[in-house]
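*Asks:* task: produce atomic coordinates for the following.
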Amino acid sequence: MKNPGFYLPRLVIALALALSAVGVSVTAALAAPPEKYQVTLNGGAEITNLCSFSIHLESIFTITFTNFFDKDGVLVRSYYHFVAQDTLSANGKSLAGIAYTYNSQWVFDHNGSLTHVYLEGIIEKVPLPDGGLFISAGWVDISADPFGFTLTPDRGNPGNIAGLCAALSA
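*Replies:* Now for the predicted structure:
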């Protein structure tokens, strides 16, 4: 019988080639297993940059998040899937939103420091009293303020802002 150590490097190379052929990164194959969690939270925010007045937002959302680690156990990426429903209030008026979904990706460097945060999907979905619908959807880079809130995307459909502001105006 030949020395089994002779075949091990060939086996590792063959495995790496086979995994890369099906689109699996070798480093991902050697990384710590991902963690997956789900939580339901309530939150609120003041939106001051959309209308000529401040809008209070109350949210309830369920988040399914998955954390990915490198081979040393350092967090390198997190994916969040949100299902949310909001109520927007201003000037004694309230608009109840329709449930919507979006995804968020948090990217970390190899020291575990946050470098980028992106959102994509529906940002808000609210029926308007005139029968219209405020729906904002697209892609947002929120790296500068990952815990902030926006109702309009960097790229995509900002929604009927004039209609939303008119529905909540005094």
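*Asks:* let me know the pLDDT of the nearest residue to residue 127 once chain neighbours are set aside.
*Replies:* Excluding the flanking residues, the one nearest residue 127 by Cβ to Cβ, 6 or more residues apart in numbering is residue 133, at 5.7 Å. Bear in mind the C-beta positions are built from the backbone N, C-alpha and C, glycine included. Each residue has a pLDDT score; the one for residue 133 is 94.
*Asks:* can you check the one 5 residues further on too?
*Replies:* For residue 138, the model assigns a pLDDT of 95.
*Asks:* contacting residues around it?
*Replies:* By Cβ atoms under 8 Å, 6 or more residues apart in numbering, the residues touching residue 138 are 120, 123, 153, 154, 155, 156, 157, 158.
*Asks:* what about 6 Å?
*Replies:* With contacts defined as Cβ atoms under 6 Å, 6 or more residues apart in numbering, residue 138 is in contact with 153, 155, 156, 157.
*Asks:* need these in TSV with secondary structure, can you?
*Replies:* Converted to TSV, the contacts of residue 138 look like this (DSSP: H, G, I helix; E, B strand; the rest coil):
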residue	secondary structure
153	coil
155	strand
156	strand
157	strand
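*Asks:* between those, which has the most around it?
*Replies:* Neighbour count (other Cβ atoms under 10 Å) singles out residue 153 as the most crowded of the contacts of residue 138, with 21 neighbours.
*Asks:* contacting residues around the helix or strand where residue 101 lies?
*Replies:* In the assignment (DSSP states H and E), residue 101 maps to strand 100-108. Around strand 100-108, the neighbours that count as contacts under Cβ under 6 Å, 6+ apart are 75-83, 114-122, 125.
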